[in-house]
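A.B. asks: Only the shape, not the letters, is given here:
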(Lines give C-alpha, C1' and ligand atoms only; values in the text may rest on other atoms or scores of the structure.)
Protein backbone atom coordinates (compact mmCIF):
# COMPACT_ATOMS: atom_id res chain seq x y z
CA UNK A 1 0.00 0.00 0.00
CA UNK A 2 2.86 2.37 0.77
CA UNK A 3 4.38 1.78 -2.67
CA UNK A 4 0.98 2.42 -4.23
CA UNK A 5 0.75 5.76 -2.43
CA UNK A 6 4.20 6.75 -3.74
CA UNK A 7 3.08 5.87 -7.28
CA UNK A 8 -0.04 7.97 -6.75
CA UNK A 9 2.15 10.89 -5.68
CA UNK A 10 4.03 10.91 -8.98
CA UNK A 11 0.92 10.27 -11.06
CA UNK A 12 -0.90 13.25 -9.52
CA UNK A 13 1.97 15.63 -10.31
CA UNK A 14 2.31 14.34 -13.87
CA UNK A 15 -1.45 14.53 -14.46
CA UNK A 16 -1.72 18.20 -13.47
CA UNK A 17 1.46 19.29 -15.22
CA UNK A 18 0.82 17.33 -18.42
CA UNK A 19 -2.86 18.19 -18.77
CA UNK A 20 -2.81 21.84 -17.70
CA UNK A 21 0.74 23.14 -18.19
CA UNK A 22 1.70 21.14 -21.27
CA UNK A 23 4.35 18.76 -22.51
CA UNK A 24 7.25 21.05 -21.60
CA UNK A 25 6.17 21.12 -17.96
CA UNK A 26 5.72 17.34 -17.97
CA UNK A 27 9.23 16.94 -19.36
CA UNK A 28 10.62 19.36 -16.78
CA UNK A 29 9.03 17.39 -13.93
CA UNK A 30 10.45 14.17 -15.39
CA UNK A 31 13.99 15.58 -15.41
CA UNK A 32 13.52 17.30 -12.05
CA UNK A 33 12.46 14.08 -10.35
CA UNK A 34 15.52 12.32 -11.77
CA UNK A 35 17.94 15.06 -10.66
CA UNK A 36 16.42 15.02 -7.18
CA UNK A 37 16.85 11.23 -7.12
CA UNK A 38 20.53 11.54 -8.09
CA UNK A 39 21.18 14.14 -5.39
CA UNK A 40 19.34 12.33 -2.59
CA UNK A 41 20.41 8.77 -3.44
CA UNK A 42 23.39 8.67 -1.08
CA UNK A 43 21.44 9.96 1.91
CA UNK A 44 18.51 7.70 1.01
CA UNK A 45 20.74 4.64 1.26
CA UNK A 46 21.96 5.84 4.65
CA UNK A 47 18.34 6.06 5.83
CA UNK A 48 17.79 2.44 4.86
CA UNK A 49 20.92 1.33 6.69
CA UNK A 50 20.21 3.38 9.82
CA UNK A 51 16.96 1.61 10.55
CA UNK A 52 18.59 -1.83 10.57
CA UNK A 53 19.99 -1.07 14.02
CA UNK A 54 16.61 0.26 15.14
CA UNK A 55 14.91 -2.99 14.13
CA UNK A 56 17.61 -5.15 15.73
CA UNK A 57 17.51 -3.25 19.02
CA UNK A 58 13.71 -3.36 19.12
CA UNK A 59 13.71 -7.10 18.44
CA UNK A 60 16.23 -7.65 21.23
CA UNK A 61 14.22 -5.43 23.64
CA UNK A 62 17.42 -3.44 24.18
CA UNK A 63 15.78 -0.09 24.90
CA UNK A 64 18.98 1.81 25.61
CA UNK A 65 20.47 0.82 22.26
CA UNK A 66 17.13 1.53 20.59
CA UNK A 67 17.06 5.09 21.90
CA UNK A 68 20.65 5.66 20.76
CA UNK A 69 19.97 4.14 17.33
CA UNK A 70 16.96 6.40 16.77
CA UNK A 71 18.68 9.55 18.03
CA UNK A 72 21.84 9.06 16.01
CA UNK A 73 19.87 8.05 12.92
CA UNK A 74 18.03 11.37 13.11
CA UNK A 75 21.32 13.17 13.64
CA UNK A 76 23.01 11.59 10.61
CA UNK A 77 20.04 11.68 8.26
CA UNK A 78 19.08 15.21 9.33
CA UNK A 79 22.58 16.46 8.59
CA UNK A 80 22.62 14.72 5.22
CA UNK A 81 19.14 16.01 4.38
CA UNK A 82 20.17 19.60 5.07
CA UNK A 83 23.28 19.11 2.96
CA UNK A 84 21.22 17.56 0.17
CA UNK A 85 18.83 20.53 0.14
CA UNK A 86 21.76 22.96 -0.15
CA UNK A 87 23.37 20.83 -2.86
CA UNK A 88 20.09 20.62 -4.78
CA UNK A 89 19.69 24.39 -4.74
CA UNK A 90 23.34 25.20 -5.52
CA UNK A 91 24.06 22.40 -7.99
CA UNK A 92 20.80 22.19 -9.94
CA UNK A 93 22.06 24.23 -12.89
CA UNK A 94 25.31 22.27 -13.15
CA UNK A 95 23.55 18.91 -13.16
CA UNK A 96 20.95 20.09 -15.68
CA UNK A 97 23.67 21.29 -18.05
CA UNK A 98 25.51 17.96 -17.72
CA UNK A 99 22.27 16.15 -18.59
CA UNK A 100 21.93 18.21 -21.75
CA UNK A 101 18.57 19.61 -20.69
CA UNK A 102 16.92 21.38 -23.67
CA UNK A 103 16.84 25.19 -23.34
CA UNK A 104 13.04 25.31 -23.34
CA UNK A 105 12.96 23.07 -20.25
CA UNK A 106 15.98 24.41 -18.37
CA UNK A 107 14.41 27.29 -16.43
CA UNK A 108 11.28 25.33 -15.50
CA UNK A 109 13.28 22.35 -14.25
CA UNK A 110 15.61 24.59 -12.25
CA UNK A 111 12.62 26.34 -10.63
CA UNK A 112 11.14 22.95 -9.73
CA UNK A 113 14.39 21.89 -8.06
CA UNK A 114 14.94 25.18 -6.23
CA UNK A 115 11.51 25.04 -4.61
CA UNK A 116 11.82 21.30 -4.01
CA UNK A 117 15.15 21.76 -2.23
CA UNK A 118 13.28 23.45 0.63
CA UNK A 119 11.45 20.20 1.29
CA UNK A 120 14.48 17.88 1.35
CA UNK A 121 14.61 17.86 5.15
CA UNK A 122 10.89 17.05 5.42
CA UNK A 123 11.08 14.28 2.81
CA UNK A 124 13.97 12.59 4.58
CA UNK A 125 12.40 13.23 7.96
CA UNK A 126 9.13 11.60 7.01
CA UNK A 127 10.85 8.61 5.44
CA UNK A 128 13.04 8.11 8.51
CA UNK A 129 10.03 8.30 10.83
CA UNK A 130 8.25 5.79 8.56
CA UNK A 131 11.22 3.43 8.67
CA UNK A 132 11.35 3.67 12.47
CA UNK A 133 7.65 2.86 12.75
CA UNK A 134 8.07 -0.16 10.47
CA UNK A 135 11.15 -1.28 12.39
CA UNK A 136 9.06 -1.43 15.58
CA UNK A 137 6.26 -3.32 13.80
CA UNK A 138 3.84 -0.47 13.02
CA UNK A 139 3.32 -0.04 9.27
CA UNK A 140 -0.18 1.45 9.57
CA UNK A 141 0.69 4.81 11.15
CA UNK A 142 3.13 6.01 8.43
CA UNK A 143 0.77 4.74 5.72
CA UNK A 144 -2.01 6.90 7.15
CA UNK A 145 0.10 10.05 6.98
CA UNK A 146 1.44 9.15 3.54
CA UNK A 147 -2.14 8.87 2.28
CA UNK A 148 -2.92 12.24 3.82
CA UNK A 149 0.08 13.83 2.08
CA UNK A 150 -1.06 12.41 -1.28
CA UNK A 151 -4.49 14.02 -0.78
CA UNK A 152 -2.95 17.36 0.27
CA UNK A 153 -0.67 17.32 -2.76
CA UNK A 154 -3.51 16.45 -5.14
CA UNK A 155 -5.66 19.28 -3.80
CA UNK A 156 -2.91 21.92 -3.64
CA UNK A 157 -1.37 21.25 -7.05
CA UNK A 158 -4.00 22.97 -9.21
CA UNK A 159 -4.36 25.92 -6.82
CA UNK A 160 -0.62 26.61 -6.75
CA UNK A 161 0.17 25.68 -10.35
CA UNK A 162 -2.77 27.44 -12.01
CA UNK A 163 -3.38 30.28 -9.55
CA UNK A 164 -6.85 29.29 -8.44
CA UNK A 165 -8.50 31.38 -5.74
CA UNK A 166 -6.16 33.64 -3.75
CA UNK A 167 -3.00 31.83 -4.85
CA UNK A 168 -0.54 33.22 -7.41
CA UNK A 169 0.06 31.22 -10.58
CA UNK A 170 3.36 29.45 -9.90
CA UNK A 171 3.44 27.05 -12.83
CA UNK A 172 5.72 24.08 -12.40
CA UNK A 173 7.15 25.58 -9.19
CA UNK A 174 3.65 25.15 -7.77
CA UNK A 175 3.93 21.38 -8.21
CA UNK A 176 7.12 21.42 -6.13
CA UNK A 177 5.55 23.75 -3.55
CA UNK A 178 2.54 21.47 -3.17
CA UNK A 179 4.87 18.54 -2.59
CA UNK A 180 6.85 20.49 0.03
CA UNK A 181 3.68 21.42 1.94
CA UNK A 182 2.34 17.87 1.76
CA UNK A 183 5.62 16.28 2.86
CA UNK A 184 6.10 18.76 5.71
CA UNK A 185 2.58 18.03 6.98
CA UNK A 186 3.26 14.29 6.78
CA UNK A 187 6.56 14.71 8.64
CA UNK A 188 5.27 16.86 11.50
CA UNK A 189 2.16 14.73 12.06
CA UNK A 190 4.03 11.41 11.90
CA UNK A 191 6.82 12.74 14.12
CA UNK A 192 4.24 13.83 16.72
CA UNK A 193 2.74 10.33 16.55
CA UNK A 194 6.18 8.79 17.07
CA UNK A 195 6.77 10.94 20.13
CA UNK A 196 3.35 10.06 21.55
CA UNK A 197 3.14 6.32 20.84
CA UNK A 198 6.68 5.23 19.95
CA UNK A 199 7.64 4.40 23.53
CA UNK A 200 11.40 3.75 23.69
CA UNK A 201 11.62 4.54 19.95
CA UNK A 202 10.57 8.16 20.56
CA UNK A 203 13.33 10.62 19.70
CA UNK A 204 15.42 11.93 22.59
CA UNK A 205 18.87 13.41 22.01
CA UNK A 206 19.66 13.88 25.71
CA UNK A 207 22.29 11.33 26.69
CA UNK A 208 21.84 9.46 23.40
CA UNK A 209 23.48 11.54 20.66
CA UNK A 210 26.02 12.04 19.42
CA UNK A 211 27.24 8.55 20.25
CA UNK A 212 30.30 7.85 18.11
CA UNK A 213 30.30 4.03 18.31
CA UNK A 214 26.64 4.08 17.24
CA UNK A 215 27.38 6.56 14.45
CA UNK A 216 30.17 4.31 13.17
CA UNK A 217 27.81 1.30 13.27
CA UNK A 218 25.15 3.21 11.31
CA UNK A 219 27.72 4.31 8.73
CA UNK A 220 29.04 0.77 8.40
CA UNK A 221 25.56 -0.56 7.62
CA UNK A 222 24.37 2.41 5.61
CA UNK A 223 27.34 3.13 3.34
CA UNK A 224 26.98 -0.01 1.14
CA UNK A 225 23.32 0.85 0.49
CA UNK A 226 24.29 4.49 -0.10
CA UNK A 227 26.91 3.62 -2.70
CA UNK A 228 24.56 1.18 -4.41
CA UNK A 229 21.79 3.79 -4.62
CA UNK A 230 24.28 6.38 -5.90
CA UNK A 231 25.64 4.19 -8.69
CA UNK A 232 22.13 3.20 -9.74
CA UNK A 233 20.98 6.82 -9.82
CA UNK A 234 24.03 7.81 -11.89
CA UNK A 235 23.32 5.03 -14.39
CA UNK A 236 19.72 6.13 -14.75
CA UNK A 237 20.89 9.73 -15.26
CA UNK A 238 23.18 8.62 -18.10
CA UNK A 239 20.20 7.04 -19.84
CA UNK A 240 18.21 10.24 -19.26
CA UNK A 241 21.02 12.17 -20.94
CA UNK A 242 20.62 10.07 -24.08
CA UNK A 243 16.87 10.74 -24.01
CA UNK A 244 17.41 14.49 -23.54
CA UNK A 245 19.47 14.57 -26.74
CA UNK A 246 16.27 13.84 -28.70
CA UNK A 247 14.40 16.89 -27.43
CA UNK A 248 11.43 17.84 -25.30
CA UNK A 249 8.93 15.53 -27.05
CA UNK A 250 11.00 12.44 -26.20
CA UNK A 251 11.47 13.67 -22.62
CA UNK A 252 7.73 14.27 -22.17
CA UNK A 253 6.90 10.85 -23.63
CA UNK A 254 9.34 9.21 -21.22
CA UNK A 255 7.80 11.18 -18.33
CA UNK A 256 4.27 10.10 -19.24
CA UNK A 257 5.36 6.48 -19.62
CA UNK A 258 6.98 6.59 -16.17
CA UNK A 259 3.51 6.15 -14.67
CA UNK A 260 3.08 2.90 -16.60
CA UNK A 261 6.61 1.88 -15.63
CA UNK A 262 5.61 2.25 -11.98
CA UNK A 263 2.65 -0.07 -12.47
CA UNK A 264 5.02 -2.84 -13.55
CA UNK A 265 7.55 -2.34 -10.79
CA UNK A 266 5.08 -1.82 -7.92
CA UNK A 267 4.02 -5.50 -7.60
CA UNK A 268 7.55 -6.68 -8.37
CA UNK A 269 9.09 -4.60 -5.58
CA UNK A 270 6.42 -5.74 -3.13
CA UNK A 271 7.10 -9.35 -4.08
CA UNK A 272 10.85 -8.75 -3.72
CA UNK A 273 10.35 -7.82 -0.07
CA UNK A 274 7.87 -10.63 0.58
CA UNK A 275 10.07 -13.26 -1.08
CA UNK A 276 13.13 -12.06 0.80
CA UNK A 277 11.32 -12.45 4.12
CA UNK A 278 9.65 -15.81 3.36
CA UNK A 279 12.75 -17.34 1.83
CA UNK A 280 14.79 -16.23 4.83
CA UNK A 281 12.30 -17.87 7.19
CA UNK A 282 12.32 -21.13 5.22
CA UNK A 283 16.11 -21.20 4.97
CA UNK A 284 16.28 -20.64 8.72
CA UNK A 285 13.96 -23.60 9.19
CA UNK A 286 16.15 -25.76 6.96
CA UNK A 287 13.52 -25.98 4.21
CA UNK A 288 15.34 -24.95 1.05
CA UNK A 289 12.71 -26.77 -1.00
CA UNK A 290 10.01 -24.46 0.31
CA UNK A 291 12.26 -21.44 -0.25
CA UNK A 292 12.63 -22.41 -3.91
CA UNK A 293 8.89 -23.03 -4.21
CA UNK A 294 8.19 -19.59 -2.73
CA UNK A 295 10.37 -17.98 -5.38
CA UNK A 296 8.76 -20.04 -8.14
CA UNK A 297 5.22 -19.01 -7.17
CA UNK A 298 6.27 -15.38 -6.82
CA UNK A 299 7.87 -15.47 -10.28
CA UNK A 300 4.71 -16.99 -11.72
CA UNK A 301 2.51 -14.34 -10.13
CA UNK A 302 4.81 -11.48 -11.15
CA UNK A 303 5.01 -12.88 -14.66
CA UNK A 304 1.23 -13.09 -14.98
CA UNK A 305 0.76 -9.48 -13.83
CA UNK A 306 3.55 -8.18 -16.07
CA UNK A 307 2.25 -10.15 -19.05
CA UNK A 308 -1.24 -8.70 -18.63
CA UNK A 309 0.14 -5.16 -18.37
CA UNK A 310 2.51 -5.81 -21.26
CA UNK A 311 -0.37 -6.87 -23.51
CA UNK A 312 -2.15 -3.64 -22.58
CA UNK A 313 0.95 -1.71 -23.65
CA UNK A 314 0.84 -3.48 -26.99
CA UNK A 315 -2.91 -3.14 -27.52
CA UNK A 316 -3.88 0.28 -26.12
CA UNK A 317 -0.77 2.34 -25.30
CA UNK A 318 -2.60 5.60 -26.05
CA UNK A 319 -5.13 4.88 -23.29
CA UNK A 320 -2.33 4.51 -20.77
CA UNK A 321 -0.63 7.75 -21.82
CA UNK A 322 -3.61 10.01 -22.56
CA UNK A 323 -4.32 11.07 -18.92
CA UNK A 324 -0.92 12.80 -18.81
CA UNK A 325 -0.94 14.53 -22.20
CA UNK A 326 -2.98 17.21 -23.91
CA UNK A 327 -4.93 16.28 -27.04
CA UNK A 328 -2.64 18.45 -29.19
CA UNK A 329 0.51 16.57 -28.10
CA UNK A 330 0.26 14.06 -30.95
CA UNK A 331 4.03 13.87 -31.54
CA UNK A 332 4.64 13.08 -27.86
CA UNK A 333 1.88 10.48 -27.90
CA UNK A 334 3.38 8.78 -30.97
CA UNK A 335 6.79 8.51 -29.30
CA UNK A 336 5.19 7.24 -26.10
CA UNK A 337 3.18 4.60 -27.94
CA UNK A 338 6.32 3.23 -29.59
CA UNK A 339 8.07 3.28 -26.21
CA UNK A 340 5.37 1.18 -24.56
CA UNK A 341 5.11 -1.24 -27.48
CA UNK A 342 8.89 -1.81 -27.42
CA UNK A 343 9.11 -2.16 -23.63
CA UNK A 344 5.74 -3.86 -22.96
CA UNK A 345 6.84 -7.49 -23.02
CA UNK A 346 10.46 -6.97 -21.89
CA UNK A 347 9.03 -5.61 -18.62
CA UNK A 348 8.19 -9.25 -17.90
CA UNK A 349 11.91 -10.06 -17.77
CA UNK A 350 13.09 -7.20 -15.55
CA UNK A 351 10.25 -7.60 -13.05
CA UNK A 352 11.12 -11.30 -12.80
CA UNK A 353 14.71 -10.29 -12.12
CA UNK A 354 13.52 -8.00 -9.31
CA UNK A 355 11.70 -10.95 -7.73
CA UNK A 356 14.72 -13.22 -8.21
CA UNK A 357 16.87 -10.68 -6.37
CA UNK A 358 14.46 -11.09 -3.46
CA UNK A 359 15.37 -14.79 -3.41
CA UNK A 360 19.10 -14.01 -3.33
CA UNK A 361 18.56 -11.54 -0.48
CA UNK A 362 16.52 -14.12 1.40
CA UNK A 363 19.29 -16.75 1.28
CA UNK A 364 21.75 -14.12 2.51
CA UNK A 365 23.54 -13.44 -0.79
CA UNK A 366 22.94 -9.68 -0.75
CA UNK A 367 26.17 -8.98 -2.64
CA UNK A 368 24.85 -10.97 -5.60
CA UNK A 369 21.66 -8.93 -5.61
CA UNK A 370 23.66 -5.71 -5.56
CA UNK A 371 26.11 -6.71 -8.29
CA UNK A 372 23.37 -8.11 -10.53
CA UNK A 373 21.44 -4.83 -10.22
CA UNK A 374 24.53 -2.77 -11.04
CA UNK A 375 25.55 -5.09 -13.90
CA UNK A 376 22.05 -4.92 -15.36
CA UNK A 377 22.33 -1.15 -15.52
CA UNK A 378 25.99 -0.37 -16.23
CA UNK A 379 27.08 -3.44 -18.25
CA UNK A 380 23.87 -4.00 -20.20
CA UNK A 381 21.39 -1.12 -20.43
CA UNK A 382 23.77 1.85 -20.62
CA UNK A 383 26.05 0.38 -23.35
CA UNK A 384 23.06 -0.93 -25.32
CA UNK A 385 21.28 2.42 -25.17
CA UNK A 386 24.48 4.19 -26.27
CA UNK A 387 24.95 1.84 -29.25
CA UNK A 388 21.35 1.49 -30.44
CA UNK A 389 20.41 5.16 -30.01
CA UNK A 390 23.19 6.04 -32.43
CA UNK A 391 21.81 3.58 -34.96
CA UNK A 392 18.01 3.92 -34.53
CA UNK A 393 17.48 7.29 -32.89
CA UNK A 394 15.12 7.66 -29.94
CA UNK A 395 13.58 4.23 -30.62
CA UNK A 396 17.08 2.85 -30.12
CA UNK A 397 16.98 4.16 -26.55
CA UNK A 398 13.84 2.15 -25.84
CA UNK A 399 15.28 -0.88 -27.66
CA UNK A 400 18.48 -0.67 -25.62
CA UNK A 401 16.51 -0.55 -22.37
CA UNK A 402 14.37 -3.48 -23.55
CA UNK A 403 17.36 -5.62 -24.54
CA UNK A 404 18.99 -4.84 -21.19
CA UNK A 405 15.85 -5.97 -19.38
CA UNK A 406 15.80 -9.31 -21.22
CA UNK A 407 19.50 -10.02 -20.78
CA UNK A 408 19.32 -9.08 -17.08
CA UNK A 409 17.04 -12.02 -16.34
CA UNK A 410 19.30 -14.44 -18.22
CA UNK A 411 22.23 -13.12 -16.18
CA UNK A 412 20.31 -13.72 -12.96
CA UNK A 413 19.18 -17.20 -14.01
CA UNK A 414 22.75 -18.10 -14.94
CA UNK A 415 23.94 -17.09 -11.48
CA UNK A 416 21.13 -19.12 -9.91
CA UNK A 417 22.07 -22.18 -12.01
CA UNK A 418 25.73 -21.89 -10.97
CA UNK A 419 24.60 -22.26 -7.35
CA UNK A 420 27.16 -19.86 -5.87
CA UNK A 421 24.41 -18.48 -3.61
CA UNK A 422 24.41 -21.80 -1.72
CA UNK A 423 27.70 -20.87 -0.05
CA UNK A 424 25.71 -18.66 2.31
CA UNK A 425 23.62 -21.68 3.35
CA UNK A 426 26.73 -23.64 4.23
CA UNK A 427 27.96 -20.80 6.44
CA UNK A 428 24.70 -20.90 8.37
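C.D. replies: Perfect, I can see it now. All of these numbers come straight from a predicted model, not from anything done at the bench.
A.B. asks: Tell me how far residue 93 lies from residue 299.
C.D. replies: The spacing between residue 93 and residue 299, counted by C-beta to C-beta, to the nearest Å, is 44 Å. Glycine gets a C-beta too; all of them are placed from N, C-alpha and C.
A.B. asks: Which of those two has more residues huddled nearby?
C.D. replies: More crowded of residue 93 and residue 299, by other C-beta atoms under 10 Å: residue 299, with 20 against 16.
A.B. asks: Which of the helices or strands spans the more buried one?
C.D. replies: helix 288-315 (DSSP states H and E).
A.B. asks: okay, and for the stretch 51-200 of the chain, where does confidence drop off?
C.D. replies: For the stretch 51-200 of the chain, applying pLDDT under 70 flags no range at all.
A.B. asks: All the strands of it, in order from the start?
C.D. replies: With DSSP state E, counting those that start in this stretch, there are no strands along the stretch 51-200 of the chain.
A.B. asks: residue boundaries of the helices in it?
C.D. replies: Secondary structure of the stretch 51-200 of the chain (DSSP state H, counting those that start in this stretch): helices located at 63-98, 103-118, 120-135, 140-162, 172-197.
A.B. asks: now swap in the stretch 301-428 of the chain and tell me
C.D. replies: Assigned by DSSP H, counting those that start in this stretch, the helices in the stretch 301-428 of the chain fall at 317-321, 330-343, 347-362, 366-375, 382-392, 394-418, 423-427.
A.B. asks: Quick check: mean pLDDT of the strand or helix carrying residue 268?
C.D. replies: Residue 268 belongs to helix 248-284 when assigned by DSSP H and E. The pLDDT scores in helix 248-284 average 86.
A.B. asks: Could you do stretch 297-312 as well?
C.D. replies: Per-region confidence: stretch 297-312 scores 95 on mean pLDDT.
A.B. asks: Same check on stretch 369-383?
C.D. replies: Stretch 369-383 comes out with an average pLDDT of 92.
A.B. asks: what's the span of it, first residue to last?
C.D. replies: Stretch 369-383 has its terminal residues 21 Å apart, counting by C-alpha to C-alpha, to the nearest Å.
A.B. asks: Can you list the buried residues in it?
C.D. replies: 369-373, 375-382 (16 or more other C-beta atoms under 10 Å).
A.B. asks: next one: stretch 59-75
C.D. replies: 65, 66, 67, 68, 69, 70, 71, 72, 73, 74, 75.
A.B. asks: need the contact list for the fourth one.
C.D. replies: Which is residue 68. Going by C-beta atoms under 8 Å, 6 or more residues apart in numbering, residue 68 touches 208, 209, 211, 214.
A.B. asks: give the contact list for the first one.
C.D. replies: Listed by C-beta under 8 Å, 6+ apart, the contact set of residue 208 reads 67, 68, 70, 71, 72.
A.B. asks: Also the third one?
C.D. replies: Contact partners of residue 211, counting by C-beta under 8 Å, 6+ apart, are 68, 71, 72.
A.B. asks: switch the cut-off to 7 Å
C.D. replies: Listed by C-beta atoms under 7 Å, 6 or more residues apart in numbering, the contact set of residue 211 reads 68, 72.
A.B. asks: Likewise for the last one?
C.D. replies: With contacts defined as C-beta under 7 Å, 6+ apart, the neighbours of residue 214 are 68, 69, 72.
A.B. asks: Now that the second one has come up, it's in contact with residue 53, right?
C.D. replies: This means residue 69. Yes - shown here, residue 69 and residue 53 form a contact pair, counting by C-beta atoms under 7 Å, at 4.2 Å.
A.B. asks: Determine the set of other helices and strands touching the helix holding residue 268.
C.D. replies: Under the contact definition 3 or more C-beta pairs under 7 Å, 6 or more residues apart in numbering; DSSP states H and E, helix 248-284 sits against helix 2-16, helix 23-59, helix 103-118, helix 212-244, helix 288-315, helix 317-321, helix 330-343, helix 347-362.
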